[in-house]
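[1] everything below, folded, please.
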Amino acid sequence: MHPIAASASFQIETRPRGYVIRSVGGAPLPFLILQGLALAAGAALTAAALRLAMLIPGQEEGVAVFHGGLALLAAAAAVLLLHFATRGLMVEVEVDLMRGELREVIRHRFGRPAVLACYGLDSGTLVSIRHGGGEASLILRLGGDGPGLCIARGPEAALAPLRARLEADLLPGPGSPPPSRALSRALSRAA
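    Residues are numbered from 1 along each chain as shown. A predicted model of the protein is given here:
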């Protein structure tokens, strides 16, 4: 864990290509309950689809088509419910210094992480701290307009160093190329 996140509601994990900013708080209880219900319903629909599929051989054509359709419908609903039940709830922000981009990623309970969005950063990107609700939020605005992307929440004293780090790492200075181009030029000169 990075020292600037010691008292905040987020932590920073260093990676070879950059770092990850993730929330320390757990998932909200209502979503966990909904995922448990979805898991139970998905398992029940899977069992029902298998049972209906086992009934198809040896039946009249009309009944077999009906049971086949019901089995496919139950299997499709089971897949959707099981996908929701195994989906992660906490979004983390990956900062990739090699590419000069920022990614919103959700970690699933089983399997690989899924990238929700990927943002290339340029001179129009702004990093600011917004106050509200007794807690400050670090906001990234792409192109300087729109509501922005919430990177982290916590006390302003913990967000200020993270803001400075993001600005230094991701936002190009006047006349300098974006980090990805600067790195690729440095690597091509070294070769």
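[2] quick one: Leu45 and Ala77 touch, right?
    Yes: here Leu45 reaches Ala77: they are 5.2 Å apart, a contact under C-beta atoms under 8 Å. Just so you know, the C-beta spots here come from the backbone N, C-alpha and C atoms, and that holds for glycine as well.
[3] looking at the two, which has the bigger crowd around it?
    Between Leu45 and Ala77, counted using other C-beta atoms under 10 Å, Leu45 has the larger neighbour count: 20 against 16.
[4] would you list every one of the helices in the protein?
    29-55, 61-86, 156-170, 179-190 (DSSP state H).
[5] what pLDDT, on average, does the last one get?
    Along helix 179-190, the predicted confidence averages to a pLDDT of 40.
[6] that older thread, right, and the helices of the chain - which one's nearest Ser137?
    Judged by C-beta to C-beta, the one of the helices of the chain that comes nearest to Ser137 is helix 156-170, at 7.7 Å.
[7] give the other helices and strands that that closest one contacts.
    Packing contacts for helix 156-170, counted by 3 or more C-beta pairs under 8 Å, 6 or more residues apart in numbering; DSSP states H and E, involve strand 10-15, strand 91-96, strand 126-132, strand 135-141, strand 149-154.
[8] so can I have CSV of the ones you listed showing mean neighbour count?
    Shown next, in CSV, are the helices and strands packed on helix 156-170 (neighbours: other C-beta atoms under 10 Å):
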stretch, mean neighbour count
strand 10-15, 16
strand 91-96, 19
strand 126-132, 13
strand 135-141, 19
strand 149-154, 18
